[in-house]
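Trainee: Predicted structure and sequence below. I'll ask about it afterward.
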Amino acid sequence: MRIFHAALGLGLATMATPVLAQAPANIEAMKADAFAVVDGNADRMGRLSDAIYSYAEIGFQEVKTIALVTKTLRDAGFAVTTGVAGMPTAYMATYGSGGPVIGLMSDFDGVPATSQMPTTFEHSDQVPGAPGHGEGHNTHQPTLIGAALAAKAVKDKYKIAGTIVVYGGPAEELLASRGYMVKAGLFKNVDAMLDLHVGTEFGTSYGLNNFANISVEWSFKGEQAHGARPWQGRSALDGVELMNVGVNQMREHGYDPADARIHYVISNGGKQPNVVPAEASVWYYFRAKSPEIVEHLLDWSRGIAQGAAMATKTEVSERIFSGSWPFNGNKALAVLVSGNIAKVGMPKWTDADVSFAKSYQKAMGAPIVGLPTEVEKLGNDRQGASTSDAGDISWNLPYVRMYIPAKPAGALAGHHWSSAIGPATPVAHKGIAVGSKALAASIIDLMTDAKALADIRSDWTAEMARWPKWRSLIPDSSTPPIHLNTEEMATYRTALKQFEYDPNSKKTYLEFMGAAYPPKEPSTDIGRRSNLLKPEQPNSSIDWDWTKQ
């Protein structure tokens with residue numbers, strides 16, 4: 001394989017027709033060797049995860065995170081390139097040469113305002129208002145690295161042809177990186193992509209999952225004036241507020257609530273009340289079951305923005321930050337990965353792990369179920385309303401997403417402090433290890449079994465023929481919004497520094513933080529569940545698709 005620099009980042013050039021050996025008789029020995037490497041690195045990967053948790057970095061500001069991750073890969077012999085696709089905290093790392101080319105992908109950003117002391121059941125932020133890992137993305141890169149190091153060791157020992165490529169996509173919570181990575185050609189000639197996400201179960205699935213999305217900001221420009229003489233100005237904030245009223249009126253008629261979601265924040269509302277703001281902005285996420293619905297809502301909202309500008313005698317401009325199709329997991333690849341998940345099996349939970357999980361669930365007012373003891377059966381996804389920026393990859397090459405059991409079930413909500421209690425504990429470390437084993441075993445299968453890889457490509461090609469042809473939702477004029485979160489992270493970085501964990505410390509992260517494990521069982525339901533904090537309900541319309549008629 002050779003790596004070359006292109007205008008928008010890196011691309012992969014490989015043999016047009018990779019030559020693979022048939023799966024050797026010692027495939028089980030290979031996997032056993034890989035599992036031993038994962039076990040040998042398990043403590044290190046857990047410490048990396050805890051360090052990333054402690055950095056609490058949010059989208060496009062993951063500076064310390066990427067430094068730690070890329071150093072680990074470089075030290076292991078991977079060729080690492082950072083700043084790919086115009087994003088300073090995006091990277092790709094390669095090892096090997098020729099085909100097949102197998103990709104590993106995950107993200108690593110945190111969530112604003114989810115700072116939390118680990119294993120503490122009540123809301124106890126390390127720094128008030130600061131970001132944290134209120135979903136558990138800190139577990140992602142260590143799982144990939146654990147798999148990559150194990151697959152590399154086996155590849156070297158058995159002289160297996162092919163290339164391993166590890167990808168780091170920042171700013172998943174902003175839906176902002178993988179679409180640009182696709183447009184930059186970073187996945188050309190990759191034969192299969194293994195994606196990863198934190199979960200409470202261990203499994204994978206295939207089929208259509210999550211919503212298409214577009215992230216867009218409208219900026220209004222008016223005339224500044226003294227608040228005592230508002231007639232001398234033109235309020236950009238009036239334009240924003242009038243637009244929001246219009247979009248909220250559109251909700252009744254623009255779409256079936258089961259088919260779409262619209263969220264917004266006023267990203268700039270002015271400086272102080274006695275100054276008529278000359279500039280104001282509103283930032284929207286449009287999520288929907290198909291790219292067509294997303295674009296319909298976007299176009300309608302553009303008209304509303306123009307109308308709001310006319311009504312307030314202001315001007316409005318638009319910037320699309322990002323966009324992605326829903327991800328469409330490949331069945332043949334999912335079957336292969338699911339088989340390796342079953343082979344690896346669930347972590348061996350200790351009494352302390354189960355005690356922690358049950359105490360957590362009691363505190364959250366959730367069903368007290370402990371930790372799962374069996375892997376999930378292979379699922380055929382029915383589309384839900386969550387979103388990811390990884391969807392575009394699945395329309396360009398065979399793709400599957402695996403979930404690892406790296407936190408207990410029962411959080412009050414996602415993107416919430418209660419979701420940050422579990423991802424820096426021994427439960428998370430064990431989830432990382434089994435995830436690494438399943439990924440490493442899958443890489444070995446894909447690199448040694450020519451027929452399996454050919455069948456996956458054939459299955460993907462046939463499935464893609466059912467659907468409209470993919471095209472990016474990101475205009476060619478758009479660039480990654482790497483300015484986002486700059487001020488937010490700068491506000492808290494100094495205060496968070498005292499909580500940063502050195503993965504080379506003699507202490508574990510919980511010892512460093514003075515956190516008990518398992519923590520004392522709560523005497524009451526701290527979580528106070530309410531009607532506003534219910535588990536996600538299924539959509540009213542299911543089995544929906546927009547395949548070619």
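Mentor: That came through fine.
Trainee: Can you show me the helices along the stretch 51-200 of the chain?
Mentor: 63-75, 140-158, 178-183 (DSSP state H, counting those that start in this stretch).
Trainee: just so I know, which of the ones you listed lies nearest Ala113?
Mentor: Taking C-beta to C-beta, helix 63-75 is the member of the helices of the stretch 51-200 of the chain nearest to Ala113, at 18.4 Å. Any C-beta I mention is one placed from the backbone N, CA and C, and that applies to glycine too.
Trainee: which helices and strands sit right next to the closest one?
Mentor: helix 27-55, strand 79-82, strand 91-97, helix 140-158, strand 162-169 (3 or more C-beta pairs under 8 Å, 6 or more residues apart in numbering; DSSP states H and E).
Trainee: circling back to that earlier point, closest to Met402 out of the helices of the stretch 51-200 of the chain?
Mentor: helix 140-158 (8.9 Å).
Trainee: can you pull the buried residues of the closest one?
Mentor: 140-155, 158 (16 or more other C-beta atoms under 10 Å).
Trainee: Could you do stretch 263-276 as well?
Mentor: Tyr264, Asn268, Gly270, Val276.
Trainee: And stretch 507-521, by the same measure?
Mentor: So, applying 16+ other C-beta under 10 Å, buried residues of stretch 507-521: Thr508, Tyr509, Leu510, Phe512, Met513, Ala515, Tyr517, Pro518, Pro519.
Trainee: ditto for stretch 212-232
Mentor: 212-222, 224-225.
Trainee: ok, so of the residues you listed, who is nearest Asn244?
Mentor: Trp218 (10.0 Å).
Trainee: Quick check: closest non-adjacent residue to the closest one.
Mentor: Leaving aside its chain neighbours, Trp218 sits nearest to Ala305 (4.8 Å; criterion: C-beta to C-beta, 6 or more residues apart in numbering).
Trainee: Quick check on that neighbour: phi, psi?
Mentor: phi -60, psi -40 (degrees, to the nearest 10).
Trainee: Check the burial of it by counting its neighbours.
Mentor: 25 (other C-beta atoms under 10 Å).
Trainee: Between the helices and strands packed on helix 63-75, which one is closest to Glu374.
Mentor: helix 27-55 (19.1 Å).
Trainee: Next, the buried residues of that closest one.
Mentor: For helix 27-55, by 16+ other C-beta under 10 Å, it's 30-31, 33-35, 37-38, 41-42, 44-55.
Trainee: one step back: sort out for me which of the buried residues of stretch 263-276 are in strands.
Mentor: Tyr264, Asn268, Val276 (DSSP state E).
Trainee: Among those, find me the one that's closest to Asp299.
Mentor: Tyr264 (16.5 Å).
Trainee: didn't the closest one look like it was pressed against Gly246?
Mentor: No: checked against C-beta atoms under 8 Å, the pair Tyr264 and Gly246 is beyond contact range at 11.7 Å.
Trainee: just to revisit the earlier point, now render the ones in strands among the buried residues of stretch 263-276 as JSON lines, adding distance to Asp125.
Mentor: Compiled in JSON lines, these are given as follows (distance: C-beta to C-beta, whole Å):
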{"residue": "Tyr264", "distance to Asp125": "25"}
{"residue": "Asn268", "distance to Asp125": "26"}
{"residue": "Val276", "distance to Asp125": "36"}
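Trainee: In space, what's closest to Ser419 - neighbours in sequence excluded?
Mentor: Per C-beta to C-beta, 6+ apart, closest to Ser419 is Ala411, 4.3 Å.
Trainee: Assumed the one you found was part of a helix.
Mentor: No: under DSSP: H, G, I helix; E, B strand; the rest coil, Ala411 sits outside any helix and is assigned coil.
Trainee: how close does it get to Tyr403?
Mentor: Relative to Tyr403, Ala411 is positioned 15 Å away (C-beta to C-beta, to the nearest Å).
Trainee: right, and the helices and strands packed on helix 63-75 - which one's nearest Tyr492?
Mentor: Here helix 27-55 is closest among those (C-beta to C-beta), at 11.0 Å.
Trainee: Do me a favour and get the end-to-end distance for stretch 215-232?
Mentor: Taking C-alpha to C-alpha, to the nearest Å, the first and last residues of stretch 215-232 lie 34 Å apart.
Trainee: Give me the mean pLDDT for it.
Mentor: For stretch 215-232, mean pLDDT rounds to 96.
Trainee: and what of stretch 417-424?
Mentor: 96.
Trainee: Repeat that for stretch 45-65.
Mentor: On average, stretch 45-65 scores 98.
Trainee: now do stretch 170-180
Mentor: 95.
Trainee: Check stretch 376-387 too.
Mentor: Stretch 376-387 comes out at a mean pLDDT of 80.
Trainee: Name the residues that touch it?
Mentor: For stretch 376-387, the external contacting residues (C-beta atoms under 8 Å, 6 or more residues apart in numbering) are 175, 201-213, 261, 285, 287, 289, 324, 326, 329, 334-335, 338, 341, 403, 536, 538-539, 542-544.
Trainee: What is the end-to-end distance of that stretch?
Mentor: 22 Å.
Trainee: Output the below-cut-off pLDDT ranges for the stretch 101-250 of the chain.
Mentor: Along the stretch 101-250 of the chain, no part satisfies pLDDT under 70.
Trainee: Okay, strands next: where are they in it?
Mentor: All strands of the stretch 101-250 of the chain, identified by DSSP state E, counting those that start in this stretch, fall at 101-107, 162-169, 192-199, 203-209, 212-221, 225-226.
Trainee: would you turn the helices of the stretch 51-200 of the chain into TSV with distance to Ala490?
Mentor: TSV is the format used below for the helices of the stretch 51-200 of the chain (distance: least, C-beta to C-beta, whole Å):
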stretch	distance to Ala490
helix 63-75	11
helix 140-158	23
helix 178-183	24
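Trainee: closest to Ser106 out of these?
Mentor: helix 140-158 (3.6 Å).
Trainee: what's the closest one packed up against?
Mentor: helix 27-55, helix 63-75, strand 91-97, strand 101-107, strand 162-169, strand 192-199, helix 426-448.
Trainee: Between helix 27-55 and it, find me the angle.
Mentor: 150 degrees (axes from the mean of the first three to the mean of the last three C-alpha atoms, to 10 degrees).
Trainee: can you state the direction angle for helix 140-158 and helix 426-448?
Mentor: Using the same axes, to 10 degrees: helix 140-158 against helix 426-448 is 40 degrees.
Trainee: With distance to Leu298 added, can I get the helices and strands packed on helix 140-158 in a markdown table?
Mentor: Converted to a markdown table, those look like this (distance: least, C-beta to C-beta, whole Å):
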| stretch | distance to Leu298 |
| --- | --- |
| helix 27-55 | 34 |
| helix 63-75 | 31 |
| strand 91-97 | 30 |
| strand 101-107 | 24 |
| strand 162-169 | 23 |
| strand 192-199 | 26 |
| helix 426-448 | 36 |
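Trainee: Quick one, which of the ones you listed gets closest to Tyr399.
Mentor: Here strand 192-199 is closest among the helices and strands packed on helix 140-158 (C-beta to C-beta), at 4.5 Å.
Trainee: what lines up beside that closest one in the sheet?
Mentor: strand 101-107 (parallel), strand 399-405 (parallel) (DSSP bridges).
Trainee: Which positions in the last one come out as buried?
Mentor: If you call a residue buried by 16+ other C-beta under 10 Å, then strand 399-405 has these buried ones: Tyr399, Val400, Arg401, Met402, Tyr403, Ile404, Pro405.
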